Structures are given as structure tokens and as C-alpha cells.
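Colleague: Below: sequence and its predicted model.
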Amino acid sequence: MKDIKTYIEANKDRFLKELFELIHIPSISSLSDHKPDMLRCAELWKKFLLEAGVDRCNIMPTAGNPVVYAEKTIGADKPTVLVYAHYDVMPVDPVELWNSPPFEAEIRDGKIWARGADDDKGQSFMHAKAFEFMVKTNQLPCNVKFMFEGEEEIGSPNLYEFCRTHKDLLKADVILVSDTGMLASDVPSITTGLRGLSYWQVKVTGANRDLHSGLYGGAVANPINILCEMIAGMMDENRHITIPHFYDDVVEVSDYERELMAKAPFNLEAYKKELDIDEVCGEKGYATHERTGIRPTFDICGIWGGYTGEGAKTVIPSEAHAKISTRLVPNQDYQKIGRQFVDYFNSIAPSCVKVEVEFLHGGDSYVAPINLPAYKAAEKAFEATYGKLPIPTRSGGSIPIIAGFEKILGIKSILMGFGLGSDAIHSPNENYPLNHFFKGIETIPYFYKYFTEMMK
């Protein structure tokens, strides 16, 4: 791609300044106090996209946070790429574990440190700047649409209806996404599969008030004890999920495909060292990279109840709560799994407590065939800038709306991510290597070039 490196070098300080403006807005979708910040972030995205060269950009309302939609049309006979990203971010708690203020981006050790540095403001901003380069240098080969939402981190509850309502507006030949990662800095990869997700919040109630643990202990159920017992029974000694029929629809990956996956570079000792753990833990019979890519999981994401303040308080709490998630693999229906969990969780609850289960959000898994023209274009794009072919890989993460796009819009998505596992997304001290940010801007225009050529 002519002059892309020169363009990046000449504009890199401006790119970072603009990105830091986006990061500075605490667009946390899960916290209602940040509702005004969602609109502020959408408005700033509109400004940047217009400056990058789109023909028009609108902030379109939903029942929740707005969608930023923009487009650039260069010809009815040209293919169309729809870029999807999200401008919302995860909460920052526990904030005391951050080494710098989470919404005041800093550059240290060759990395951008901030909430959203990778997920997904940094990665989405690469697309805006790659697009800007192609427009400003008259090298844009096809039509481009942008759809940036503000609810991905809470399951995209309103984007499904947005897509159904605006199906004609969103017509495209492929959806391009950078919200995933690479195997390593020197090992490019393309994510060909995402796990699905079901997420619940549960409440276990005992007595009608907190009780003195001396006067009532041993005679009245402790909801925290009961909840822990119920959770402990959700997996057996082989880390196999015990929900009846949970595995009925799981597609077993062939030995041949498992052999191909095993060729991806993975250093178990380095993995353990980076996480400061002595041993890995997971379903028996599967390697670490398989546990995070092709197998379903069950996790407690949060648990609370009773007294957690300083010092001691001898109390049997009235309530116990937990947030619980499952990651699902192809062919598992998240709604079916949701019903199975509710039925099983209620069935194992003793009569001495009451149980309530609230479904929070979820979505199906997604797989992109590696013989798609868009995949081949992404493959050639990585080869052009990294000098080697990317490795296809399945991610353990979930982007529920990706499967929704295919069902509603009938469009496949290509996941060209540039993040790393060490970027600490969703955690304190999220970061994004500068060289990945700039390499993404360099690589993305090649995708447009090769994809347009393949669609002729």
C-alpha cells in the first residue's frame, strides 16, 4: 500500500492525541451514572469519522445507548465493507490496583496504559485512521460503512433490534472487526471462531433478616454456605460441567483439527509465569489452548453476601448472591443452555432456602470458514505487513452480536485482531503495545485492497 508507513510516521502524534481524547471519556455501559458519557463518546466518534472522510455520519438512537453509523460510497459497482466496533468499556474496579488513572492514557514501556486502550477504543481507532489514510491518498478501493455501538460489554441488548430495523442500511459484503487478538507479537493470527455465552445472576435467600450466628447457627440455613455447596456441585472431579444434557449439542473437534491447533506456538511455562500460577487447571483430557478455544466452561464471575467490612461481625446473612457465566462452543444454543441451568440450579437447591435466577445476557458462538474471500484477503494483508501467513485460531472469548449479524443480516464477519493476551483487557492496567496499534493501521488498508480484487 503506497506511502502507508510514511503517512503513519507523519501523523502518529496526532493519532495518539485523538485516541487519548476517546479514552478520556469513561464510557462504562454497565454503570448508569455514565449514561451521559456514552453520548459524549458517540459524539466524539462522529467528529473523528467525519474528519477521516466519511460522506455522512449519524448518531442513531436505540432503547439503550446510541449507535454511531457512517458511510463512504465510491461506486455502486464496488463491494462494501462494514466495520463493526464498540465504544463502551468495562468498569475499572478495583481502581486501587491501577498503576495510573484508568482514563488518563499514559505511554510506558512502549505501551498505551488505559481502560479501552485495546478493548476496543485502540483497536477500533486503527480502522478510522486506516480509512483516513485511504481517503486522503485516494487509495480507497471500495465502499465502507461504520457501525460503532455502546453496549457490547453488556451483551449488545439493543443492537439486534437495530440490525433488524436497519437491515437495508447495513447491507454489505463482509463485516470487518478488530476486537480480538494475536497469538504473539511476531505470530499474526486470524480468529476463526468465538465461543458463545450465557450469563446469570443468582440470589439465595434464607431467613427474613440477618441472624446472630451464635443464637441461630446450626439451626437455620446460611445462604452463603448453601450457595457455595450448589456452585461446587456444578462441576465434577474432572472439571466436567454437571448440568444434565449440557454437552448434548457440543460438536467434538476432530483429532486432525486438534493436531493442527497444536502447531500454534504455545509455551506452557511462559504462560504460567506470566500469570504467576504454579499449575493450569481445566477439563481433563484437553490441553490449555483447547480448553480456552473448543470446550465450554463454567465460571463464577462474582460472589457476595453477609458482612465484608473491617473486623468481625458474627452473622448469618439473609442473602447470598453470585454472577455466573458459561462459555459455549458451536452448536450450543445459549437460550437452551440458559433454561437448562435455571432448571438444574433450582433442582439442587434445598428446601431451607429460596432461589432466584436472573438471565443477564448471552449469545451464540461463531465460526468463519477459512475459504472465504474475505479470510483470504485478511490472510494476504497480514502476510504483506508481517512477512508471514497468519495462523487461524479459535478464541475463548465471546462477541455475541457476531453470530447475530449472520442470522439477521446474512453477512459473515472477519476478525482481524491485533491485541495480545498480556493486554489485560477487562482487568486493571489494561494496555496496548504501540507497535501493534501502528501495525494495525498499516495492515488494514491491505485488507481492503485484496478484498476488492477478489470480489471483481
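Modeller: Everything's here; your move. The model shown is predicted, which means the values in this text are computed figures rather than measured ones. Numbering: from 1, shown residues only.
Colleague: use CA for all of it now, contacts and neighbours both
Modeller: Will do.
Colleague: Show residues contacting stretch 363-378.
Modeller: Residues outside stretch 363-378 that contact it (CA atoms under 8 Å, 6 or more residues apart in numbering) are 155, 174, 190, 192-198, 328-334, 392, 398-404, 412-414, 416, 446-448, 450-451, 454-455.
Colleague: check contacts around residue 258.
Modeller: residue 290.
Colleague: Just the buried residues of the contacts of stretch 363-378.
Modeller: 155, 174, 190, 192-198, 328-330, 332-334, 392, 398-404, 412-414, 416, 446-448, 450-451 (16 or more other CA atoms under 10 Å).
Colleague: ok, how many other residues are close to residue 79?
Modeller: Per other CA atoms under 10 Å, the neighbour tally for residue 79 reads 22.
Colleague: hmm, I was thinking of residue 214
Modeller: Neighbours of residue 214 using other CA under 10 Å come to 10.
Colleague: Check the one 10 residues further on too.
Modeller: Applying other CA under 10 Å, we find 24 residues neighbouring residue 224.
Colleague: I'd like to know which elements the helix or strand hosting it is packed against.
Modeller: In this assignment (DSSP states H and E), residue 224 forms part of helix 223-232. Applying 3 or more CA pairs under 8 Å, 6 or more residues apart in numbering; DSSP states H and E, one finds that helix 223-232 makes contact with strand 196-205, strand 319-328.
Colleague: JSON lines please, covering these and showing distance to residue 114.
Modeller: Formatted as JSON lines, these follow (distance: least, CA to CA, whole Å):
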{"stretch": "strand 196-205", "distance to residue 114": "26"}
{"stretch": "strand 319-328", "distance to residue 114": "26"}
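Colleague: possible to save the ones you listed as CSV with distance to residue 261 and mean pLDDT?
Modeller: Shown next, in CSV, are these (distance: least, CA to CA, whole Å; pLDDT from 0 to 100):
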stretch, distance to residue 261, mean pLDDT
strand 196-205, 20, 96
strand 319-328, 19, 97
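Colleague: Of those, which is nearest residue 241?
Modeller: Closest approach to residue 241 among those is made by strand 319-328 (9.8 Å; CA to CA).
Colleague: So in that sheet, which strands flank that closest one, and in what orientation?
Modeller: Strand pairing for strand 319-328, using DSSP bridges, gives strand 196-205 (antiparallel), strand 297-305 (antiparallel).
Colleague: Compare those strands and give me the one nearest residue 246.
Modeller: strand 297-305 (10.6 Å).
Colleague: Residue 337 contacts residue 198, correct?
Modeller: Yes. Using CA atoms under 8 Å, residue 337 is in contact with residue 198, at 7.3 Å.
Colleague: anything in contact with each of these two?
Modeller: Between them, residue 337 and residue 198 share no contacting residue, judged by CA under 8 Å, 6+ apart.
Colleague: Out of the strands paired with strand 319-328, indicate the one that is most buried.
Modeller: strand 196-205 (a mean of 22; mean count of other CA atoms under 10 Å).
Colleague: which secondary structure elements does the next helix-or-strand element following that strand contact?
Modeller: Using DSSP H and E, the helix or strand that follows strand 196-205 in sequence is strand 211-212. Packing contacts for strand 211-212, counted by 3+ CA pairs under 8 Å, 6+ apart, involve strand 315-316.
Colleague: picking that back up, residue 386 is nearest to which of the strands paired with strand 319-328?
Modeller: strand 196-205 (30.2 Å).
Colleague: for the helix holding residue 224, the distance to its chain's centre please.
Modeller: 29 Å (CA atoms, centre = their mean, to the nearest Å).
Colleague: got the contact list for it?
Modeller: 204-206, 305-306, 316-321, 345, 348-349, 353.
Colleague: Please work out the average pLDDT along the very next helix or strand once past it.
Modeller: Next helix or strand after helix 223-232 toward the C-terminus (DSSP H and E): helix 255-261. Here helix 255-261 scores 80 as its mean pLDDT.
Colleague: Also stretch 21-38?
Modeller: 98.
Colleague: ok, now stretch 225-236?
Modeller: 97.
Colleague: Just the buried positions in it, please.
Modeller: 226-227, 230-231, 234-235.
Colleague: do the same with stretch 149-168
Modeller: So for stretch 149-168, counting by 16+ other CA under 10 Å, buried means 149-159, 162-163.
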